[in-house]
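Undergrad: generate coordinates for the sequence data below:
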Amino acid sequence: MNVRRVLTKNETGYIEVQEQPIPPLEPGTALVKVHASLISAGTEISRLRDRPRTPGGSQRVFGYQNAGIVLEVGEGCRNLTPGTRVACMGGPYSVHGEYAVVPQNLITPLPENVSYAEGAFIALAATAMQAVRRSDLVWGEEAAVLGLGIVGQLVAQICQIAGARVLAFDPLPLRVECARRAGVLLACTDTGEAAVSRVAAVTEGRGLDCAFLCVGDASNQVFPYVYKMMKRAPDTHAYGRVVSVGGTLTHGMGASLGNLDIRSSARTGPGYHDPEYEYGRDYPEVFVRWSTQAHIRLFARWVSEGRLNVKDLITTRVPLEKAPEACYSLMDEPERHLGVVILYHGEGSV
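TA: Model (predicted):
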């Protein structure tokens, strides 16, 4: 076994399945037989939406979250043994492919009651955890999530776990339905001034303590309405925290912004993209409590305990052979899909 099938894309948006060598097993890594991976529509394929999809040219493998079973571990790989069920994250390691070689600090054991498809939400869940942590959310606060893609869905759930009342907005009915099914009951399709009015009604005119922009490149269009949703002091200044998930906001409001605290949040917590950390050199937990590894362990525990619901966010399951068509459908018909999971080695039903 020295080759694997992987999902690749080129600059024109053409997506296909190719064969390539399995990366070598290095110290501090594990070889994983992948059973499921999750497509991230925002960072992986959204910018390919209007391209001509012409075959040829440079095809590169993509993906950064999957789940499977450990086959072999490299020298110095701690706490992982062959046969361990795991969830894995991180580019360029945890790709859409049959096998992956992943650094140990980007892997967490997967409890037996968590499916591989659920485990494949690992990176987007950790991204959502880091965003909520960046918000300094306090239990009892009023929060809103704008955009109910997968990250927005998970931000809304985590805010509720943290004790906030959460209003969630997305114009696509499927996303709102998924959010409500997962327990975010104040989700709705309102946009613009209608969303502003809903916040005012629910908070009895007090406004929001915190808001999360989970709308990607549309952040600048959505932000003026979020500004109207925030709480106000008697001198008319806006207060509260606005977290731009992915860091795409450039508000351009100057002094009229009032006293809003705008925070960018990206990635999954400290450690991701530090090679020494990824391959096993931990940060001192007493100083860096919520590293990437801490977040992905918490993700696995919360799904196992039933606190975080990712199962109801899965709308589509396909085998690797049908993954290109699933990617195109996710781009062209976002109203029909949310969580698109690729299955490998005959895992699950399609």
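Undergrad: burial of the spatially closest residue to P275 that is not a sequence neighbour, as a residue count?
TA: Leaving aside its sequence neighbours, P275 sits nearest to P103 (Cβ to Cβ, 6 or more residues apart in numbering; 7.8 Å). The C-beta positions use only the backbone N, C-alpha and C, and glycine is treated the same way. Burial of P103, expressed as a neighbour count using other Cβ atoms under 10 Å, amounts to 24.
Undergrad: so what does the host helix or strand of A211 touch, helix or strand wise?
TA: With elements taken from DSSP states H and E, the one containing A211 is strand 210-213. Applying 3 or more Cβ pairs under 8 Å, 6 or more residues apart in numbering; DSSP states H and E, one finds that strand 210-213 contacts helix 122-135, strand 142-146, helix 150-161, helix 219-229, strand 238-245.
Undergrad: just to revisit the earlier point, isn't the residue nearest to P275 up against T29?
TA: Yes: applying Cβ atoms under 8 Å as the test, P103 and T29 come out as touching, 5.4 Å apart.
Undergrad: can you pull up the most central residue in the chain?
TA: Geometric centre of the chain, nearest residue: L124, 1.8 Å, by Cα atoms, centre = their mean.
Undergrad: who are the contact partners of that one?
TA: Applying Cβ atoms under 8 Å, 6 or more residues apart in numbering to L124 gives the contacts L38, S40, Q65, I150, V151, L154.
Undergrad: how about the strands in the stretch 251-350 of the chain?
TA: Taking DSSP state E, counting those that start in this stretch as the criterion, the stretch 251-350 of the chain carries its strands at 259-265, 314-319, 339-343.
Undergrad: strand partners (parallel or antiparallel) of the shortest one?
TA: Translated: strand 339-343. Within its sheet, strand 339-343 is paired with strand 29-38 (antiparallel), strand 314-319 (parallel), according to DSSP bridges.
Undergrad: how about the longest one?
TA: According to DSSP bridges, strand 259-265 forms sheet pairs with strand 238-245 (parallel).
Undergrad: could you list the buried residues of the strand it pairs with?
TA: By neighbour count with 16 or more other Cβ atoms under 10 Å, strand 238-245 contains the buried residues A238, G240, R241, V242, V243, S244, V245.
Undergrad: what's across from the last one in the sheet?
TA: Meaning V245. Partner residues in beta bridges with V245: S265, with DSSP bridges as the criterion.
Undergrad: what's the spacing between it and C327?
TA: 22 Å (Cβ to Cβ, to the nearest Å).
Undergrad: so, low pLDDT: which residues of the protein?
TA: Confidence mapping of the chain against pLDDT under 70 gives the ranges 251, 253-255, 347-350.
Undergrad: mind listing the shared neighbours of P103 and T29?
TA: Common contacts of P103 and T29, defined by Cβ under 8 Å, 6+ apart, comprise Y279.
Undergrad: ok, back up a step: which one of the helices and strands packed on strand 210-213 lies nearest to V95?
TA: helix 122-135 (11.7 Å; Cβ to Cβ).
Undergrad: distance from the closest one to the middle of the chain?
TA: Its chain's average C-alpha position is 8 Å from that of helix 122-135, according to Cα atoms, centre = their mean, to the nearest Å.
Undergrad: show me which residues of it are buried.
TA: The neighbour-count check on helix 122-135 (16+ other Cβ under 10 Å) flags 122-135 as buried.
Undergrad: what angle do it and helix 150-161 make?
TA: Orientation of helix 122-135 against helix 150-161 (axes from the mean of the first three to the mean of the last three Cα atoms, to 10 degrees) gives an angle of 50 degrees.
Undergrad: what inclination does helix 122-135 have with respect to strand 142-146?
TA: Angle, helix 122-135 to strand 142-146, by the same axes, to 10 degrees: 140 degrees.
Undergrad: just the CA trace of helix 122-135, in CSV.
TA: The C-alpha atoms that make up helix 122-135 are tabulated as CSV, following Å, rounded to 0.1, in the frame of the first residue of the first chain:
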residue,chain,number,x,y,z
ILE,A,122,-13.2,18.6,13.8
ALA,A,123,-11.5,21.7,12.2
LEU,A,124,-14.6,23.8,11.7
ALA,A,125,-15.8,23.0,15.3
ALA,A,126,-12.4,24.1,16.7
THR,A,127,-12.6,27.3,14.5
ALA,A,128,-16.0,28.0,16.1
MET,A,129,-14.7,27.3,19.6
GLN,A,130,-11.8,29.8,19.0
ALA,A,131,-14.3,32.4,17.7
VAL,A,132,-16.5,32.1,20.8
ARG,A,133,-13.4,32.2,23.1
ARG,A,134,-12.3,35.4,21.3
SER,A,135,-15.7,37.0,22.1
